[in-house]
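In: got a predicted model here, sequence first, then my questions.
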Amino acid sequence: MTGTVENTYAALKEKARQQYNLRHEATKTRIQIGSATCENAAGSEKVLEEFRKHIVASGKDDVVLHRTGCTGRCSKEPIVTVIAPGKIPVKYERVDSGRVHEIFTSHIMGGKPKAELMLDSTEQPAQYELFFCNSARCINPTKVDLVGLFYDKLEQNKISTDKARISKTSCMGLCEAGREGEAINVLIRPGKVIYNVKNATDIDEIISTHIIGGKTVERLMVGGNPLGARFFELYGDSAFFNRQSRLALRNSGLIDPENIYEYIMVDGFEALAKVLAKADRGWVIDEVTKSTLRGRGGGGYPTGTKWSMAAKENNETKYIICNADEGDPGAFMDRSMLEGDPLSIIEGMMIGAYAMGASKGFFYVRAEYPLAIKRIDRALNICREHGLLGNNILGSGWDFEIEIRLGAGAFVCGEETALIHSIEGERGQPRVRPPYPTTSGLWGKPTVINNVETFANVPLILLYGAQWFKQIGSVRAGGTKVFSLTGKVQHTGLVEVPMGSTLREVVFDIGGGVPGGKALKAIQTGGPAGGTIPANLIDTAVDYESLTALGSIMGSGGMIVIDETDCMVDIAKFFITFSQDESCGKCTPCREGTKRMLEILERITAGKGVKEDLDKLERLAILLRKSSLCGLGRAAPNPVLSTMKYFRKEYDAHVIDKVCPAGKCKSLVKFEISPEKCVGCTACARHCPVPCISGTPKHLHVIDQSRCIRCGKCFEVCRFNAVLKNGKAKE
């Protein structure tokens, strides 16, 4: 059977290679455009069509269009990448129809990139770009600074930045445990050549042979096709991308999500073939366990342990479920992975199913994700067509099938027992555990539930090994974590970093910090079930235990940046409003507790709170945490408890001083006109919608506080900063 599986997969890979060669893309200029919900909303479909028209009109037959999934750089979409043979790839940001014409005429036709339209740069690309791995295992401050030495050698050889340019990247996935600081890996593009550099002699040879002579140094080359190299070859020159380590998002922005041959060309389904050829379910579970992969849906439960529990159940019928019910406000990690690389999720799910002995799987996806649903359905059909799903998969004798089930958008259906009830056609409400789903789940049968990101990591563990995966992350959790970085931050989007990275690295090194010169105030992690971490704890490591110790959680990966203009009481009210609205109502603590907590917060933000409200609020929050039926109810008070812990003075200001320090709570905002600054221009009175401002031209104006609706229009339109908001002038 082993030979049959290996031969069947080899034939499939050969077919993928033939299909790729038929397109002759290696000798053509490729225009790559992202295609996902976010990219399409920004106009990528129109951009794609506009490029198609230009290609036809030009008569060029050496230019092709290539559709990929989303790169995750939300604030700069649509992103277009031009990849010409032998040249460094060039990326353009916020491309529209007008920019298509500029890019096509100047770059495609004229051979000169439009520097002013490029992503994160206004400089023409260098002839060579060198990306040095900056992970802890490559860099050791106690040994020789090889990057600094490379800079010195380039200068000694009078090589300018037009000829060669150096950048640093996150881990390329070439680590070897126990060899930290002995060498450093460097990727040189174009050509995707990786060298392992140990000393000054190696550097001299790379400069003389490769940079000056244009030939590779064979003895220093790293063999194989390292995972990180594929991504950094295209995106390594951008700080937003090159400081990430992309495992779960490894193919997003690189391959066409609806083309199985492109997925196979990047080793797709090789891990599944390896598992089926080995035919050892215990080995699969052992590898996943040793990798320290933990559930990425929020709980952080060890994946291998969960699979082992289900595998031990003596039952002929077992199920596996992919939880794609992503309900956190501002979270879009799962959606992006399903739209950009659905086949990797399917492969990971199939490996899990084989390990635990399941013959049926389900994708549980919320109906608000139409493009993700379409691409999952398309991917499943393609797998069936190629013998990768259904009966006798890859000639192994193993049968497995997957169906899609749509959720109606209830947040509580992200909880595994509520999700099971929903698939069964019942009302989506949680139940008491035990028994756990691994013992009695879907229709009373042993069931494993993992989320999208968890399954995306599984093929890598079986392909590259548990130790490889483990050493990328922290001591207690291997691998990486994907976050949707939103809020008051320069660069919003999807960020994937090794477990144990700090919040500072995510928000400032990758996200670019807070815009407008504002100060960072806090970071909310874990969505409505998470907590708020103050700015003074920004060097906290991102892992399950560290965040829990601070009163927050990892959650599924939502990360919201909060600046000095945000009110923490209002933030807590926002999340409690969400939790109260989404409460399934089954248990009294959550149903009634979130309602009462919201009422107290509404009183406080309306200026009607009393000191006793703070004690009631805290007692209610602790009660919910202790007595709610499911994890969502028990975590719902986290935003309140964490803001009260770290920002108690703001609560006191709202209740005692009747002031909102951030000026966000309308009822606690007071607008006044400064007698010293008012020149009587009448702008405030003319724009006031009530009106509540009196005064004559060239004389002091006055606001009638009893009639003021606190809309802030006077504050906005005053050109002399005479209108004060809570005693402060406009900056």
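Out: Received it, and whenever you're ready, just let me know what you need. Residues are numbered from 1 along each chain as shown.
In: the nearest residue to Met172 once chain neighbours are set aside: helix or strand, and which one exactly?
Out: Leaving aside its chain neighbours, Met172 sits nearest to Gly228 (3.6 Å; criterion: C-beta to C-beta, 6 or more residues apart in numbering). Yep, even glycine has a C-beta here, placed from its N, CA and C like the rest. Assigned by DSSP states H and E, Gly228 belongs to helix 227-235.
In: for that helix, packing partners?
Out: Judged by 3 or more C-beta pairs under 8 Å, 6 or more residues apart in numbering; DSSP states H and E, helix 227-235 is in contact with strand 184-189, helix 239-242.
In: dump these into JSON lines; add distance to Thr480 and mean neighbour count as well.
Out: Shown next, in JSON lines, are the helices and strands packed on helix 227-235 (distance: least, C-beta to C-beta, whole Å; neighbours: other C-beta atoms under 10 Å):
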{"stretch": "strand 184-189", "distance to Thr480": "18", "mean neighbour count": "24"}
{"stretch": "helix 239-242", "distance to Thr480": "14", "mean neighbour count": "22"}
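In: what's the helix holding Gly228 in contact with?
Out: Applying C-beta atoms under 8 Å, 6 or more residues apart in numbering, the external contacts of helix 227-235 come out as 71, 81, 83, 89, 91, 131, 169-174, 187, 189, 192, 194, 241-242, 245-247, 250, 253-254, 266, 460, 464.
In: at 7 Å what do you get?
Out: For helix 227-235, contacts defined as C-beta atoms under 7 Å, 6 or more residues apart in numbering pick out 71, 81, 89, 131, 169, 171-173, 187, 189, 192, 194, 241-242, 245-246, 250, 254, 266.
In: what's the average pLDDT for it?
Out: For helix 227-235, mean pLDDT rounds to 84.
In: Gly516 versus the residue lying closest to Cys133 once chain neighbours are set aside, what's the distance?
Out: Spatial nearest neighbour of Cys133, excluding adjacent residues (C-beta to C-beta, 6+ apart): Asn185 at 4.4 Å. Going from Asn185 to Gly516 by C-beta to C-beta, to the nearest Å gives 38 Å.
In: make TSV out of the helices and strands packed on helix 227-235 and add mean pLDDT and distance to Val723.
Out: TSV is the format used below for the helices and strands packed on helix 227-235 (pLDDT from 0 to 100; distance: least, C-beta to C-beta, whole Å):
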stretch	mean pLDDT	distance to Val723
strand 184-189	88	54
helix 239-242	89	38
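In: turn those into TSV, columns for distance to Ile55.
Out: Formatted as TSV, the helices and strands packed on helix 227-235 follow (distance: least, C-beta to C-beta, whole Å):
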stretch	distance to Ile55
strand 184-189	25
helix 239-242	27
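In: of these, which is nearest Lys725?
Out: Distance to Lys725, taken as C-beta to C-beta, is lowest for helix 239-242 among those, at 34.3 Å.
In: can you spell out which helices and strands pack onto the closest one?
Out: strand 164-169 (3 or more C-beta pairs under 7 Å, 6 or more residues apart in numbering; DSSP states H and E).
In: the strand it packs on pairs with which strands, parallel or anti?
Out: strand 128-133 (parallel) (DSSP bridges).
In: what angle do the partner strand and strand 184-189 make?
Out: If you take axes from the mean of the first three to the mean of the last three C-alpha atoms, to 10 degrees, strand 128-133 sits at 150 degrees to strand 184-189.
In: just the residues contacting strand 128-133, thanks.
Out: 88, 147, 163-169, 171-172, 184-189, 211, 232, 236-237, 242.
In: just the C-alphas of it, formatted as PDB.
Out: Presented in PDB, the C-alpha positions along strand 128-133 are these (Å, rounded to 0.1, in the frame of the first residue of the first chain):
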ATOM      1  CA  TYR A 128      20.400  42.700  -5.600                       C
ATOM      2  CA  GLU A 129      18.600  42.600  -2.300                       C
ATOM      3  CA  LEU A 130      19.900  40.600   0.600                       C
ATOM      4  CA  PHE A 131      17.600  39.500   3.400                       C
ATOM      5  CA  PHE A 132      19.400  38.400   6.600                       C
ATOM      6  CA  CYS A 133      17.500  36.100   9.000                       C
END
